[in-house]
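**Q** Build me a model:
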Amino acid sequence: MLATHASPAPAAHASAAAYRQMGVSSGVGGATPHQLVLMLLDGFDDALVQAAGALQARATAVKCKAIERALRIVDEGLKASLNLAEGGTLAAQLRELYGYVSVRLLHANLHNDAAAIAECRRLMRPLRDAWAAIAPQVHAQPWGRR
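**A** Numbering: from 1, shown residues only. Coordinates of the predicted model:
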């Protein structure tokens, strides 16, 4: 899994650039590639929590903005940082997951579908948790520190 997101510097720069474009700069400059991906996954979840709350409150503009943020995180951050050449089958599977999540988020936005938002959170949460769980091993490696 590590090779899919964090091995080459270009992927790290892509993740950092995407995160900065989304208006979140705290901690990005000094973050490792692993930390950047974790920030993206956390930002994705935060955006969907906001979208679900806005949907329930019938705050359409807030819902749309939150879903747009989640889509940008998936497409411009997570998907763009995949290293398909080195990541093999796992990178390809993640690309498929990210594509599916993007489609479901578009559906959720167009149809005010709270279940689709919840589905996207359920699909991405195990990835976020696994990514967080490997932090000690990543940071123990010379390439995992900054």
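
**Q** Which residue ranges of the protein form helices?
**A** Here the chain has its helices, by DSSP state H, at 2-5, 9-21, 33-56, 60-72, 84-111, 114-133, 135-140.

**Q** could I get these as CSV with mean pLDDT and mean neighbour count?
**A** Quick note: C-beta positions are derived from backbone N, CA and C, even for glycine. Formatted as CSV, those follow (pLDDT from 0 to 100; neighbours: other C-beta atoms under 10 Å):
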stretch, mean pLDDT, mean neighbour count
helix 2-5, 48, 22
helix 9-21, 52, 18
helix 33-56, 96, 21
helix 60-72, 99, 18
helix 84-111, 97, 16
helix 114-133, 97, 16
helix 135-140, 78, 12
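
**Q** can you put those in TSV and add distance to residue 78?
**A** Shown next, in TSV, are those (distance: least, C-beta to C-beta, whole Å):
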stretch	distance to residue 78
helix 2-5	8
helix 9-21	8
helix 33-56	6
helix 60-72	10
helix 84-111	6
helix 114-133	9
helix 135-140	17
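
**Q** Who are the contact partners of residue 60?
**A** By C-beta atoms under 8 Å, 6 or more residues apart in numbering, the residues touching residue 60 are residue 54.

**Q** what do you get for residue 63?
**A** Counting by C-beta under 8 Å, 6+ apart, residue 63 has contacts 51, 54-55, 109, 112.

**Q** ok, now residue 57?
**A** Here residue 57 is in contact with no residues (criterion: C-beta under 8 Å, 6+ apart).
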